[in-house]
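1. Sequence and computational prediction follow.
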Amino acid sequence: VQLVESGGGLVEPGGSLRLSCAASGLSLSNYDMSWYRQAPGKERELVAIISSVGGRTHYSGSVKGRFTISRDNANNMVYLQMNSLGPEDTAVYYCRARPTDSGGSEYWGQGTQVTVSS
């Protein structure tokens, strides 16, 4: 099983980025998917989550209204559209797959760096 994030980079304040998480070795339809981020010296925090079925979403207060999580189960992809980025969004962003079956394993990607700076 692999989760591979991409799409990170350097962007100016106010800009946008779209992160992608490509999953292999599992069927995403059996997983709730989420994005986390970890800034230097801080704890890893939940950014957004999307349910396996129905596509229900939840966002942290700091990104609500600016970020959008989406998924494409047919292609085993999850996305995070990030708009109106600010320096406080600088972090390594991670993709997480949590199984809907409580007996299953969860998986994490290796992360992608997002840096917001002028």
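-> Received it, and whenever you're ready, just let me know what you need. Numbers count the residues shown, from 1 in each chain.
2. switch to C-alpha atoms for all contacts and neighbour counts from now on
-> Noted.
3. from what I can see residue 48 touches residue 57, true?
-> Yes: Residue 48 lies in contact with residue 57 (Cα atoms under 8 Å); the separation is 7.1 Å.
4. Spit out the residues that contact the two alike.
-> Any residue near both residue 48 and residue 57 by Cα atoms under 8 Å, 6 or more residues apart in numbering counts here, and that gives residue 69.
5. Same drill for these two, tell me which one is more crowded.
-> residue 48 (23 against 16; other Cα atoms under 10 Å).
6. and the most centrally placed residue in the chain, what element?
-> Closest to where the C-alpha atoms of the chain average out (Cα atoms, centre = their mean) is residue 35, at 2.6 Å. Here residue 35, judged by DSSP states H and E, is contained in strand 31-38.
7. and what of residue 92?
-> According to DSSP H and E, residue 92 maps onto strand 91-99.
8. Report the angle between that strand and strand 31-38.
-> Strand 91-99 runs at 160 degrees relative to strand 31-38, counting by axes from the mean of the first three to the mean of the last three Cα atoms, to 10 degrees.
9. quick one: contacts of strand 91-99?
-> By Cα under 8 Å, 6+ apart, strand 91-99 touches 3-5, 21, 28, 30-40, 105-115.
10. mean confidence score for it?
-> In this model, strand 91-99 has a mean pLDDT of 97.
11. what lines up beside it in the sheet?
-> Partners of strand 91-99 in the sheet, by DSSP bridges, are strand 31-38 (antiparallel), strand 107-108 (antiparallel), strand 112-116 (antiparallel).
12. hmm, back to that, look up how far residue 79 lies from the residue nearest to the centre of the chain.
-> Going from residue 35 to residue 79 by Cα to Cα, to the nearest Å gives 9 Å.
13. in this protein, which segments are predicted with low confidence?
-> For the chain, applying pLDDT under 70 flags no range at all.
14. where do the strands sit along it?
-> For the chain, the strands defined by DSSP state E occupy 2-6, 9-11, 17-24, 31-38, 45-50, 57-59, 67-72, 77-82, 91-99, 107-108, 112-116.
15. Between strand 17-24 and the fourth one, find me the angle.
-> Think strand 31-38. 130 degrees.
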